[in-house]
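[1] Pasting the sequence and the predicted model now:
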Amino acid sequence: MIVTHEEVVSRFFKIGAGGAVAGAIHILTLLLGWYIETNGEAVLTLTGYNFIESFLFSVVGGLLAGFSLLIAYLVKKLNAIKVLLGGLTLTGGLLSLFSPIYIYVFKILGVNLRGYPDIGFFAAIFTAIIELGIGALILLTPLKKEVIYPMEIPPTVAYPDTLSTEPSGPQPRLRGERSRTSVAQIEIAEDVEEGVCTICYYPLTSGNTVRCSACGALFHRDCIDAWVNLNHSCPNCKALMYS
Ligand SMILES: [Zn+2]
Ligand SMILES: [Zn+2]
């Protein structure tokens, strides 16, 4: 299956957003009762918020998943997005999981408080596991080799040859063939509001768009530069072109 760079990125961000939501819910579980302390006759509910350690671990752990979305947003390379998003979400999940367990082992059992976990404890663990799972899922997602990057020029796309009088179909590229075609310049195309690049099919933006002086076909500046370096001709009308 062929997927575009944008499709893979948006897939990562959709999964990552799930991690951010799990992290946010994890932070909210701090407000619930995490432990019931049974001290003689008195029964006391301790929230996650009551312990400075769990407050720190859970807030940092819960925020990491959302934070990873921000960092990954600034990165272009798919592999870097995957590692940042997955790694930070996984780390956040580990901290979130550590938080209730640490308190239970060192604060409840460790100082011999009589008590048992309350609903918030299980909610905290549950949300932490979701965050962990999402981080692992991102890291384990294989990056397909068939990803089309915006700058990549598809090598086998056939372009309509409007000047050719010969039957269409694959033809050997002969030296003499080009002498029958005209010479074109790359001109800056201003005020381009819509349309797609003839080479990469991604939308054109004004300021970055040029046109072939012979046929008027529009391209991204980078796309036509790369194309002309390889083919020395307009991909649309085959006119000779130099960058
Ligand atoms: Zn382009
Ligand atoms: Zn042209």
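    On my side now, so go ahead. What you are looking at is a predicted structure, and each value in this text was computed from that prediction instead of being measured. Ligands and ions are numbered 1, 2, ... in the order given.
[2] I'd like the next helix or strand past the helix or strand bottoming out on mean pLDDT in the chain.
    Ranked by mean pLDDT, DSSP states H and E, the weakest helix or strand in the chain is helix 175-179, scoring a mean of 47. Scanning forward in sequence from helix 175-179 by DSSP states H and E, the next helix or strand is strand 186-188.
[3] and that next one, which residues are buried?
    Buried positions in strand 186-188, judged by neighbour count with 16 or more other CB atoms under 10 Å: I186. (C-beta placed from N, C-alpha, C; glycine too.)
[4] if you average pLDDT over it, what comes out?
    Mean pLDDT, computed over strand 186-188, is 90.
[5] now stretch 136-145
    Stretch 136-145 comes out at a mean pLDDT of 82.
[6] That one: how far from the chain's middle?
    Remark: stretch 136-145 is offset 12 Å from the chain centroid, using CA atoms, centre = their mean, to the nearest Å.
[7] Tabulate the CA atom coordinates of that stretch in PDB.
    The C-alpha trace of stretch 136-145 is given here as PDB (Å, rounded to 0.1, in the frame of the first residue of the first chain):
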ATOM      1  CA  ALA A 136       4.400   1.100  22.800                       C
ATOM      2  CA  LEU A 137       2.000   1.100  19.900                       C
ATOM      3  CA  ILE A 138       3.600   4.100  18.300                       C
ATOM      4  CA  LEU A 139       7.100   2.700  18.800                       C
ATOM      5  CA  LEU A 140       6.100  -0.600  17.300                       C
ATOM      6  CA  THR A 141       4.400   0.900  14.200                       C
ATOM      7  CA  PRO A 142       6.500  -0.100  11.200                       C
ATOM      8  CA  LEU A 143       7.300   2.700   8.800                       C
ATOM      9  CA  LYS A 144       6.400   1.600   5.400                       C
ATOM     10  CA  LYS A 145       9.000   2.000   2.700                       C
END
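[8] who's in contact with that stretch?
    For stretch 136-145, contacts defined as CB atoms under 8 Å, 6 or more residues apart in numbering pick out 1, 3, 8, 11-12, 15-16, 19, 78-79, 82-83, 85-87, 89-90.
[9] Please indicate which of these are buried?
    Using 16+ other CB under 10 Å, the buried ones in the contacts of stretch 136-145 are 8, 12, 15-16, 19, 78, 82, 85-86, 89-90.
[10] any idea which of those is closest to N236?
    Taking CB to CB as the measure, N236 lies nearest V8 of the buried ones among the contacts of stretch 136-145, at 28.9 Å.
[11] From the centroid of this structure, which residue is nearest?
    V9 (3.1 Å; CA atoms, centre = their mean).
[12] near ligand 2, which residues of the chain show up?
    Within the chain, the positions near ligand 2 by CB under 5 Å from the ion are 212, 214-215, 217, 234, 236-237, 239.
[13] Nearest residue to R211 in space, please, no chain neighbours.
    A189 (4.2 Å; CB to CB, 6 or more residues apart in numbering).
[14] Contact partners for the one you found?
    Per CB under 8 Å, 6+ apart, neighbours of A189: 209-211, 218.
[15] Mind checking the pLDDT average for stretch 92-104?
    92.
[16] Walk me through the domains of the protein.
    Per the record, the chain has its domains at 5-140, 157-243, by automatic domain parsing.
[17] between those, which gets nearest to ligand 1?
    Closest to ligand 1 of these is domain 157-243 (CB to the ion; 2.9 Å).
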